[in-house]
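A.B. asks: Generate a structure from the sequence data that follows.
(chains A and B)
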Protein chains: 2
Amino acid sequence: MPTPESCSSKQMNRSLTILGCGSAIPTVKNNPSGQILQLGEKLFLIDCGEGVQITLRRMMLHTSRLYSVFISHLHGDHCFGLLGLISTWSMMNRTQDLHIYAHKDLERLMRPLLDYHCSDCPFQIIFHPIDPRKRDVIFRDRTVQVTTIPLRHSVPTCGFLFEEIQKEPHIVKEKIEQYNIPFSAIPAIKAGGDWVTLDGHTVPNSELTLSPEKPFRYAYCSDTGYKPAIVPQIQGVDVLFHESTYLNEHADAARRFQHSTAEQAAKIAAKAGVGKLIIGHFSARVTDLSLFLTEAKAVFPNVELAEDRKVFDFS
Amino acid sequence: MPTPESCSSKQMNRSLTILGCGSAIPTVKNNPSGQILQLGEKLFLIDCGEGVQITLRRMMLHTSRLYSVFISHLHGDHCFGLLGLISTWSMMNRTQDLHIYAHKDLERLMRPLLDYHCSDCPFQIIFHPIDPRKRDVIFRDRTVQVTTIPLRHSVPTCGFLFEEIQKEPHIVKEKIEQYNIPFSAIPAIKAGGDWVTLDGHTVPNSELTLSPEKPFRYAYCSDTGYKPAIVPQIQGVDVLFHESTYLNEHADAARRFQHSTAEQAAKIAAKAGVGKLIIGHFSARVTDLSLFLTEAKAVFPNVELAEDRKVFDFS
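C.D. replies: Predicted structure coming up:
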């Protein structure tokens, strides 16, 4: 039985793998929600509908660097796959702890099941209750920060803004040698300081450093009715995933069930000036998915359809 | 959104549809356990691992005549798909009640989830607790009877023996006319009685009736270690599904985890003199499934491999 190894898509520094882009009812093409965001060496699982573990196996994806799961809300199509995934990891002797960020009810509902079905689980499962109504930093490590994006849905729901932490500037080696700058002075220069030579000459910071790469930002917004209030928070993100459950012809249903149309998703993308829009969470009632693309493109040109098992490479 | 309709395989009077024939860990090919037995107009769901509802949708199978689910045991690969299936049926406005036959713990575990996720479920869900250690008739209607088959596994587990109820003999119309037999006498003849004419001549029952079709019998045995004690109960069934998690080379694992090898499944089939053997519940560690077939065929020739989405027609 193979033990999980690092993600097979090692070459890609930043990527998004769609595990499921359907909505509540699975279709011939699309499973319920689930996706893996890769940022550097880390994998983040966002939502976990039924079938996520099956798609992971079908795609031969390895998940030893997947430590954190983010659940947007507790509708079944966003969380029913979690128990099976944990159960399988348990049987495969995963050892890494698993952190689950979700509405507090998830732990209350899942603990009895985990105690029953995964009593000999060899890793810790740590639930982090989140309040989807508030904008909160819920995760931060050395390289990534995750903030909730309060959304508008029939149950408490939030999206997630993933932001790489701004790296320090790169030091220009040649300048360090040229000015005989000691190692002990580097942190101050990385922090923005100039260098004053022994003869009193000031070398500006801009000569000593190169700007670091711009941090990558990814926003996940599903499920939600049209909510322009999120625009300031996701302004200028590199990639926005926005739900697009319906077409304009189903605008009434979108309002009633607090979902968005493709056009509304594109409007949010346009207002926020994002780099790329990916739409998904397609209703089972629409079989020709290109209609979503056509509607969205009319408002925002750089848009792509999510598709089960599709990998978007952002490197 | 389509409402469920009658099973699409209407032409087939008796069939078995494999929804998942893998074991605990899903593989590139096989989902966890699940199958639908069709007997006449009725559908019976046997086990419901993760992904069952997805496969039902992929196969475009309709389930309005599926009233009963039989869960062999509470390992996740046999029951984790139930919540999603019920949730989807609830959203699709299913109205038929659903009867679930399973170990009593299933209701205790599932009720809080059903209350939370399916609070507005438009149909009744009735749990029927079964004791997998005993041989019991747990279901009987006008046409079908289901009996538990106690198995040998690491948690309380039973198989299920589905038996069509013996139909009454057919009356030979011409003879009824020939002997002027009144309508009121028919029930007694159907029950085996002869007919005595007015002039005292006895017409034997065999002249008045034709034997009804032999009732079809199907036995489902998963998961289990090798258990010849089940043979008398399944003697002569038309079709036996027997788990075959391992090959002979993994006989130690089979013993340790209380599963069977293909050869052991075939031995049970041979001892019980069944019509056909179907093997499934294949371990993820075996990728060439034809090896299971070869091992089983050496002991019992009429054997077939289960395969996800395969339909066996027994009409």
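A.B. asks: who in the stretch 151-300 of chain A is up against chain B?
C.D. replies: A:284, A:285 (CB under 8 Å from any CB of the partner chain). (Each C-beta comes from the backbone N, C-alpha and C, glycine too.)
A.B. asks: Which single residue of the stretch 151-300 of chain A ends up nearest chain B?
C.D. replies: Residue of the stretch 151-300 of chain A nearest chain B, by CB to the nearest CB: residue A:285 (5.8 Å).
A.B. asks: so how far is residue A:256 from that residue?
C.D. replies: With distances taken as CB to CB, to the nearest Å, residue A:285 is found 14 Å from residue A:256.
A.B. asks: Tell me which of the two has more neighbours.
C.D. replies: residue A:285 (15 against 11; other CB atoms under 10 Å in any protein chain shown).
A.B. asks: So that one: helix, strand or coil?
C.D. replies: coil (DSSP: H, G, I helix; E, B strand; the rest coil).
A.B. asks: Let's see the pLDDT reported for it.
C.D. replies: Per-residue pLDDT puts residue A:285 at 91.
A.B. asks: do residue A:315 as well
C.D. replies: We have a pLDDT of 89 for residue A:315.
A.B. asks: sec struct for it, please.
C.D. replies: Assigned by three-state DSSP, the conformation of residue A:315 is coil.
A.B. asks: Tell me how far it lies from chain B.
C.D. replies: Residue A:315 sits 27 Å away from chain B when distances are taken as CB to the nearest CB, to the nearest Å.
A.B. asks: quick one, what contacts the closest residue to that residue other than its chain neighbours?
C.D. replies: Distances taken as CB to CB, 6 or more residues apart in numbering or on different chains put residue A:13 closest to residue A:315, at 4.5 Å, once the chain neighbours are dropped. Neighbouring residues of residue A:13 by CB atoms under 8 Å, 6 or more residues apart in numbering or on different chains: A:38, A:39, A:40, A:314, A:315.
A.B. asks: ok, residue A:252 - how many residues close by?
C.D. replies: Residue A:252 has 9 neighbours, counted by other CB under 10 Å.
A.B. asks: which residues are contacting the helix or strand harbouring it?
C.D. replies: Using DSSP states H and E, residue A:252 falls within helix A:251-257. Applying CB under 8 Å, 6+ apart, the contact partners of helix A:251-257 are A:154, A:225, A:226, A:245, A:246, A:259, A:260, A:261, A:264, A:283.
A.B. asks: Now do that helix, average pLDDT.
C.D. replies: The model assigns helix A:251-257 a mean pLDDT of 96.
A.B. asks: For stretch A:232-250, list every residue counted as buried.
C.D. replies: In terms of neighbour count (16 or more other CB atoms under 10 Å in any protein chain shown), stretch A:232-250 has its buried residues at A:233-234, A:237-247, A:250.
A.B. asks: Convert the C-alpha atoms of that stretch to PDB, please.
C.D. replies: Extracted C-alpha coordinates of stretch A:232-250, given in PDB (Å, rounded to 0.1, in the frame of the first residue of the first chain):
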ATOM      1  CA  PRO A 232     -12.400  45.700  -1.600                       C
ATOM      2  CA  GLN A 233     -11.100  42.600   0.100                       C
ATOM      3  CA  ILE A 234     -10.200  40.800  -3.100                       C
ATOM      4  CA  GLN A 235      -9.100  43.800  -5.000                       C
ATOM      5  CA  GLY A 236      -6.300  42.900  -7.500                       C
ATOM      6  CA  VAL A 237      -6.000  39.300  -6.600                       C
ATOM      7  CA  ASP A 238      -4.100  37.300  -9.200                       C
ATOM      8  CA  VAL A 239      -6.800  34.600  -9.400                       C
ATOM      9  CA  LEU A 240     -10.400  34.700  -8.300                       C
ATOM     10  CA  PHE A 241     -12.500  31.500  -8.100                       C
ATOM     11  CA  HIS A 242     -16.100  32.700  -8.000                       C
ATOM     12  CA  GLU A 243     -19.200  30.500  -8.000                       C
ATOM     13  CA  SER A 244     -21.400  30.700 -11.000                       C
ATOM     14  CA  THR A 245     -24.200  28.300 -10.300                       C
ATOM     15  CA  TYR A 246     -26.700  29.800 -12.700                       C
ATOM     16  CA  LEU A 247     -27.100  31.500 -16.100                       C
ATOM     17  CA  ASN A 248     -29.000  34.800 -16.400                       C
ATOM     18  CA  GLU A 249     -32.100  32.900 -17.400                       C
ATOM     19  CA  HIS A 250     -32.100  31.400 -13.900                       C
END
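A.B. asks: Let's test this: mean pLDDT of the helix ranked longest in chain A, rounded?
C.D. replies: Counting residues, the longest helix in chain A under DSSP state H turns out to be helix A:105-117. In this model, helix A:105-117 has a mean pLDDT of 97.
A.B. asks: likewise stretch A:41-60?
C.D. replies: Stretch A:41-60 comes out at a mean pLDDT of 96.
A.B. asks: what distance separates the start and the end of that stretch?
C.D. replies: Using CA to CA, to the nearest Å, one end of stretch A:41-60 lies 17 Å from the other.
A.B. asks: Any buried residues in that stretch, and which?
C.D. replies: Buried positions in stretch A:41-60, judged by neighbour count with 16+ other CB under 10 Å: A:43-59.
A.B. asks: Among those, which are located in helices?
C.D. replies: A:52, A:53, A:54, A:55, A:56, A:57, A:58.
A.B. asks: thought residue A:52 was touching residue A:85?
C.D. replies: Yes: between residue A:52 and residue A:85 there is a contact at 5.9 Å, judged by CB atoms under 8 Å.
A.B. asks: isn't there a helix covering residue A:271?
C.D. replies: Yes: according to three-state DSSP, residue A:271 belongs to a helix.
A.B. asks: Excluding covalently adjacent residues, which one is nearest to it?
C.D. replies: Nearest residue to residue A:271 in three dimensions, chain neighbours excluded: residue A:231, at 4.7 Å (CB to CB, 6+ apart).
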